[in-house]
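# here's my sequence, what's the structure:
(one chain, ligands or ions: 1)
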Amino acid sequence: MDTLDPRRRQILDLVEQYARDKFGAPPFAADRDLVHYAGRVFDGQELRCATEAVLDFFLTANRFAERFEADFADFFGAPGAYLVNSGSSANLVALTALTSPKLGERRLRPGDEVLTVAAGFPTTLAPIVQNRLVPVFVDVGIGDYTALPERIAQAVGPKTRAIMMAHTMGNPFDLDAVSAVVKKHDLWLIEDNCDALGSTYRGRLTGTFGHLATFSFYPAHHITMGEGGCVIAAGQSAEELGRIVRSLRDWGRDCYCAGGENNTCGKRFSQQFGTLPSGFDHKYVYSHIGYNLKLTDLQAAIGCAQWQKLPGFIARRKENFAYLRKALAPYEDRLVLPVATPGSDPAWFGFVITVREGAGFSRTELQRHLEERRIETRALFAGNLLRHPAFLDIPHRVCGGLANTDRITESTFFVGVYPGLDAPRLEHMAEAFRGFLKKR
Ligand SMILES: Cc1ncc(COP(=O)(O)O)c(C=O)c1O
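I've put the predicted structure just below:
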């Protein structure tokens, strides 16, 4: 890579300058601009890094991916971080890792149960089904939108082997209760941390409580690479799980040489695998039925620039959340406003609202009012996933009913708190809520 070529510096400076001119946002105009629920927040640095990766032209994961993985692992105190091409891929790889033959008797087998929620994102559930495991659904609270702790304890049956669920909208699920169940029944725990990068529970980062945690870098998330995701492993099995994750991501191969390396294990031509010829090239030994879920160095380069901004992004999300919470407090008689799980400090993904029964208006009426004022609203993902065509016939168990999950399907939506929402946009949002609620 020719980083000293003066033409390279010239190109990079020009790109940064172009980005400033092209993407520098004019002041918000309420009659013209959308108030997005989420979006990319970036400046010349992201374009500069992306251009660096283009000029390297290594294309597949390289120096930027290595740097990102190292910084990310450090942040979480994890032995490794494994970049993948989306949060959905992260979930697929994490759950599939627990089915690895390398785990021996500890591996998940078809028919084993995994506790989760139906009020979630489809690709938290999909890998459970895809691996022929049986999801067991518990209801969530209205206001915090995370699994009801008492239900988790009740839901454990003789076939239950794992828990996999998300810190919904950045709000940590009750990690005291979940960790106690995990410990008592010796379960695996996967934290889908896709919406919660930077959230803490009792001062500790979410994503470090489970055996595995997943992240998404789609543009709606706390930092973005366009498309991208990551898996980290923690605890005693972290090294072992990390190697399995990497294998599943990298075609299922047994070899764990970094790109461009040839004999990291020092045993490339001296091992015996099954009936393969003795010393068969380890680079081409497959110990998992894997995928290729790697990302490009261009995506990772954008991630490296975003990474520098994460502390500021988290702070803004919290401030924006606090602003909306205060502005909507007078309407709590008709709206259930979001609450943080006790002991947590969420890096909020969005501001979730449930319209109370007897409010005198429907969720759709309120959403329509906001959308007409160019304020984007979104459903809390799928509502009840079990009511969607793809999941109607899946083998599953429900523990204790899903009354709140169904209520979310009818009465809940969210608006944004992402760092791109500045004071004028937030004021416009608050005013739009006031305009609707004062008249009712
Ligand atoms: C909780 C949760 N898990 C997983 C995902 C999937 O991430 P991706 O869109 O990067 O595949 C999302 C996406 O928003 C999500 O919200």
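
# can you pull the residues of the stretch 201-350 of the chain lying near the ligand?
216, 218, 229 (C-beta under 6 Å from any ligand atom). All C-beta atoms are positioned from the backbone trio N, CA, C, and that covers glycine.

# if we use 5 Å, what do you get?
The interface of the stretch 201-350 of the chain toward the ligand, taken as C-beta under 5 Å from any ligand atom, is made up of 216, 218.

# nearest residue to the residue of the stretch 201-350 of the chain found nearest the ligand in space, please, no chain neighbours.
Scanning the stretch 201-350 of the chain for proximity to the ligand using C-beta to the nearest ligand atom identifies Ser216 as nearest, at 3.4 Å. With C-beta to C-beta, 6 or more residues apart in numbering as the criterion, Ser216 has its nearest non-adjacent residue at 2.5 Å, and that residue is Gly87.

# surely the one you found and Asn193 touch.
No. Contact criterion C-beta atoms under 8 Å: Gly87 and Asn193 do not qualify, at 9.1 Å.

# which residue of these two possesses the greater neighbour count?
Per other C-beta atoms under 10 Å, whichever of Gly87 and Asn193 has more neighbours is Asn193, with 31 against 27.

# how far away is that one from Glu357?
32 Å (C-beta to C-beta, to the nearest Å).

# over to Phe433?
19 Å.

# higher neighbour count, the two?
It is Phe433, of Phe433 and Glu357, that has more neighbours when counted by other C-beta under 10 Å, with 22 against 9.

# near the ligand, which residues of the stretch 51-200 of the chain?
86-88, 121, 123, 166, 192, 194-195.

# where exactly do the helices run in the chain?
Taking DSSP state H to define them, one finds helices in the chain at 6-23, 44-56, 63-76, 87-97, 122-130, 149-155, 175-185, 238-249, 297-328, 363-372, 403-411, 423-438.

# tell me what the third one is packed against?
For helix 63-76, the contact count by 3 or more C-beta pairs under 8 Å, 6 or more residues apart in numbering; DSSP states H and E identifies helix 44-56, strand 81-84, strand 229-233, helix 297-328 as packing neighbours.

# now swap in the first one and tell me
In terms of contact count using 3+ C-beta pairs under 8 Å, 6+ apart, helix 6-23 is assigned the packing partners helix 44-56.

# and the helix it packs on, average pLDDT?
Average pLDDT, helix 44-56: 98.

# quick one, it and helix 6-23 angle?
If you take axes from the mean of the first three to the mean of the last three C-alpha atoms, to 10 degrees, helix 44-56 sits at 140 degrees to helix 6-23.

# can I get helix 44-56 as CSV, trimmed to CA atoms?
Output in CSV follows, covering the C-alpha atoms of helix 44-56 (Å, rounded to 0.1, in the frame of the first residue of the first chain):
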residue,chain,number,x,y,z
GLY,A,44,-15.5,13.6,5.7
GLN,A,45,-13.7,11.0,7.8
GLU,A,46,-16.0,8.2,6.7
LEU,A,47,-15.4,9.1,3.1
ARG,A,48,-11.7,9.5,3.6
CYS,A,49,-11.4,6.0,5.2
ALA,A,50,-13.6,4.4,2.6
THR,A,51,-11.4,6.0,-0.1
GLU,A,52,-8.3,4.7,1.7
ALA,A,53,-9.7,1.2,1.4
VAL,A,54,-10.6,1.7,-2.2
LEU,A,55,-7.0,2.9,-3.0
ASP,A,56,-5.6,-0.1,-1.1
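
# ok, and what's touching it?
Applying C-beta atoms under 8 Å, 6 or more residues apart in numbering, the contact partners of helix 44-56 are 1, 8, 11-12, 15-20, 62-64, 296-298, 300-302, 304-306, 308.

# sorry, back to before: and the residue of the stretch 201-350 of the chain closest to the ligand, what does it touch?
Per C-beta under 8 Å, 6+ apart, neighbours of Ser216: 86-88, 90, 194-195, 228-229.

# most surrounded residue in the residues you listed?
Ala90 (33 neighbours).

# per-residue pLDDT, that residue?
Looking at Ala90, the pLDDT reads 99.

# cool, and the one 3 residues further on?
Per-residue confidence (pLDDT) for Val93: 98.

# columns distance to Glu261 on top of the helices of the chain, output as CSV?
Formatted as CSV, the helices of the chain follow (distance: least, C-beta to C-beta, whole Å):
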stretch, distance to Glu261
helix 6-23, 26
helix 44-56, 18
helix 63-76, 12
helix 87-97, 22
helix 122-130, 30
helix 149-155, 43
helix 175-185, 36
helix 238-249, 13
helix 297-328, 16
helix 363-372, 52
helix 403-411, 48
helix 423-438, 48
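
# most packed of these?
helix 87-97 (a mean of 27; mean count of other C-beta atoms under 10 Å).

# between it and helix 122-130, how big is the angle?
30 degrees.

# so helix 87-97 versus helix 238-249, what angle?
120 degrees.

# so what secondary structure elements neighbour helix 87-97?
Partner elements for helix 87-97 (3+ C-beta pairs under 8 Å, 6+ apart): strand 81-84, helix 122-130, strand 160-166, strand 188-192, strand 212-216, strand 229-233, helix 238-249.

# format those as JSON lines; extra columns: mean pLDDT.
Below are these laid out as JSON lines (pLDDT from 0 to 100):
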{"stretch": "strand 81-84", "mean pLDDT": "98"}
{"stretch": "helix 122-130", "mean pLDDT": "98"}
{"stretch": "strand 160-166", "mean pLDDT": "98"}
{"stretch": "strand 188-192", "mean pLDDT": "98"}
{"stretch": "strand 212-216", "mean pLDDT": "98"}
{"stretch": "strand 229-233", "mean pLDDT": "98"}
{"stretch": "helix 238-249", "mean pLDDT": "97"}
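
# returning to that earlier point: what touches both of Gly87 and Asn193?
214-215.

# name the residues of stretch 368-386 that are buried.
369-370, 373-377, 380-386 (16 or more other C-beta atoms under 10 Å).
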